[in-house]
Structures are given as C-alpha cells and as structure tokens.
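Pasting the sequence and the predicted model now:
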Amino acid sequence: MSHAGYCLFDTPLGWCGIAWRDGRASAAPPEVTLLQLPEASAERTASRMARASGAPGPSAPPPPIAGIIDRLCRHLAGEAQDLRDIVVDLTGADAFARQVYEAARAIPPGQTRTYGEIAKSLGQPREAQAVGQALGKNPIALIIPCHRVVAAGGKSGGFSAHGGRATKSRLLAIEGARTAPIQLELGPASRARR
C-alpha cells in the first residue's frame, strides 16, 4: 500500500487541508486524494482531514505537494492558476463522476458552465441533476473546480463546502468570473409569506 499523508495550510480564505498518496510508479509525483476548503474553524478543518484522509496523522508535505499548496494559496489570493496538471487520485468515484470531474477541470479560471452544459457535453443532456450530485461529492474541490459549474438562469446552484453558495460566489469572484448575484431559492412556503 502506498504512503498517505495530509497537512493543513493557511490561505486568504482560512485553513485548508490537502491529502496525498505516493505516485503509482516509482518516479511519479504524489497524487492528491482530498482537498478540504476551510470549515468554520481550523480545528474543524483538521478534524475533517483526520477522518477523511486515510493517513495516520498530519505530516510535512513532500516538495511536489508543497508546490501545489503554494499554487493554491496564490490562486486564493487572486492570482488565478491553471491547476489541470495536478495529478489526482479518484479511487472510489464511479465512471460518470469521473467524466463530470474531467469536464469541470476543463473549465478555465474565470469562466463557468451550467450543470446542463456539462451533461450535454457528456452526451447525456437529461442528466443535469446527476451532474450536480456528482459535483456535490467532489473530494478535490478547487483542483476539480466544481465552483465553476452553475445553475441555469443566473442561479448559483449548490455548493457543499462550508459557507455554501456564498463560498462558491467568493471563489468565482476571486477568479474574476462574471456571475449573477446570489439568489435565494425560496421554497413554496417562503413564497407564500411574501
């Protein structure tokens, strides 16, 4: 079994976490297995990483991972980075989710696509909801930029990271993406009170 590790790192958004495992070939770079955006506190981010990483405890990142952390910090500081070259490990993701993640990774910083556009690009135009569900399980947010996938009609769509749609909007703003303001999507009971 290959070595797994994780660490926390401070960013302009707060404390993030990254987990990795050794590359599959002897000279291959480490593969990112998890990227955790900030939780409500550094302690919560650390707790989530400890549970989800598969590593026995935090460790110092090897040089290739330290380089990725530097790029992520620069990206979150407003210096958009193309992160498509980072090797990821999607063990556990089904074939459809992998296709969705690949399509999301093809979206350049500062641009967005809708769930429906992603579904159509995969040859499954009626599967926009399934695209959203796959992105909701994305284990490597930011590197697999699920925040760049939005709902039709100017709505932001969901976002499973702490802060939800507000975090999604902030990530898009950092990248300079043109987006509609966050719209609250009210249920029938809320609309009836208006």
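Sure thing, it's come through.

In this protein, what residue spans correspond to strands?
4-11, 14-21, 31-36, 113-114, 149-150 (DSSP state E).

and P58, which of these is closest to it?
strand 4-11 (5.2 Å; Cβ to Cβ). Every residue, glycine included, has its C-beta placed from N, CA and C.

now for the strands of the chain, which one comes closest to R84?
Judging the strands of the chain by Cβ to Cβ, what sits closest to R84 is strand 31-36, at 12.3 Å.

Figure out how far the closest one is from the centre of its chain.
9 Å (Cα atoms, centre = their mean, to the nearest Å).

ok, now stretch 44-53?
Relative to the centre of its chain, stretch 44-53 is centred 16 Å away, using Cα atoms, centre = their mean.

List the buried residues of that stretch.
T45, A46, M49, S53 (16 or more other Cβ atoms under 10 Å).

out of those residues, who's nearest E175?
T45 (21.8 Å).

give me every residue that touches the closest one.
By Cβ atoms under 8 Å, 6 or more residues apart in numbering, the contact set of T45 is L8, G14, W15, C16, G17, Q36, P38, E39.

can you pull out the helices in the protein?
Taking DSSP state H as the criterion, the chain carries its helices at 42-52, 63-76, 95-105, 115-121, 128-136, 164-174, 188-193.

returning to what we had before: any idea which of the strands of the chain gets closest to L76?
Here strand 4-11 is closest among those (Cβ to Cβ), at 4.5 Å.

Near T91, how many other residues are there?
For T91, the count of nearby residues is 10 (other Cβ atoms under 10 Å).
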